[in-house]
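Undergrad: Structure here, sequence nowhere to be found:
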């Protein structure tokens, strides 16, 4: 029997700083909930909206895998290893903080908001050399199917993560149904509904709802209506 935890959209932590409007699926900054510290090794899932021309100033990280998924607009990244990049919708960015670095994230536009997901996963190997990678993914390759965008398999089409983790995106038509098979024993999946409505293992989920499922080898995904979905498969310990 699978184990499940459901986080409805309106139960997330929320902080509006004016320039930043952020919803936290797990404890973060001023939002603390002892029952929502993480899902396995998935530590942070922030749904961020940054005002035009604003952003996060330079700040340090170490020993964390940090994934950014832009939903709209353009996000500018700069770090202490010399990277200065801009990511757009259909891009996925990953940074292995490893032994430590500083970075900043700014809205690249002076006119439009940028919306993106900021996701932190505890690393498999600590103290690795900091690294940065980004890739652009064809949205056609996730129409009514699941597209892997983050993977531990070096040389794959996905961005590489220093963890036994796989992230997939799907743009699903109403009526879509497919079983998701987990890649590794001991992993779980945190599903996050970006848009629309889906049913996962019989649980109905709406926009920005999250569901963590573990202690199973597979589960069914059904799109109750047109939907966009992000699945984050991570080790549970």
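TA: Yes, it's here. Since this is a predicted model, take the numbers as computed values, not measurements.
Undergrad: Okay, and the residue positioned nearest the centre of the chain sits in which element?
TA: Per Cα atoms, centre = their mean, the C-alpha nearest to the average position across the chain is that of residue 119, at 4.4 Å. Element membership for residue 119, per DSSP states H and E: strand 114-121.
Undergrad: Run me through the strand neighbours of that strand, direction for each.
TA: Applying DSSP bridges to the sheet, strand 114-121 is found paired with strand 42-50 (antiparallel), strand 65-72 (antiparallel).
Undergrad: measure the residue nearest to the residue nearest to the centre of the chain when sequence neighbours are not counted to residue 113 for me?
TA: Closest residue to residue 119 apart from its sequence neighbours, by Cβ to Cβ, 6 or more residues apart in numbering: residue 67 at 4.3 Å. Backbone N, C-alpha and C define where each C-beta goes, glycine included. Distance, residue 67 to residue 113, using Cβ to Cβ, to the nearest Å: 20 Å.
Undergrad: Who has more neighbours out of the two?
TA: The neighbour comparison of residue 67 against residue 113 (other Cβ atoms under 10 Å) goes to residue 67, with 22 against 14.
Undergrad: Wait, that one touches residue 150, no?
TA: Yes. Contact criterion Cβ atoms under 8 Å: residue 67 and residue 150 qualify, at 6.1 Å.
Undergrad: State the pLDDT value of the nearest residue to residue 185 once chain neighbours are set aside.
TA: Distance criterion Cβ to Cβ, 6+ apart; nearest residue to residue 185, sequence neighbours excluded, is residue 217 at 7.9 Å. pLDDT recorded at residue 217 is 98.
Undergrad: what does residue 5 give?
TA: 98.
Undergrad: Could you do residue 56 as well?
TA: 95.
Undergrad: Can I take it that it is in a helix?
TA: No. Read with DSSP: H, G, I helix; E, B strand; the rest coil, residue 56 is strand and lies in no helix.
Undergrad: For residue 72, which non-adjacent residue is closest in space?
TA: residue 115 (4.8 Å).
Undergrad: So what sits opposite that neighbour in the bridge?
TA: residue 49, residue 72.
Undergrad: and it, what does it touch?
TA: If you count contacts by Cβ atoms under 8 Å, 6 or more residues apart in numbering, residue 115 has them with 47, 48, 49, 50, 70, 71, 72, 73.
Undergrad: Most neighbours of all the residues you listed, which one?
TA: Most crowded among the contacts of residue 115, counting by other Cβ under 10 Å, is residue 50 at 24 neighbours.
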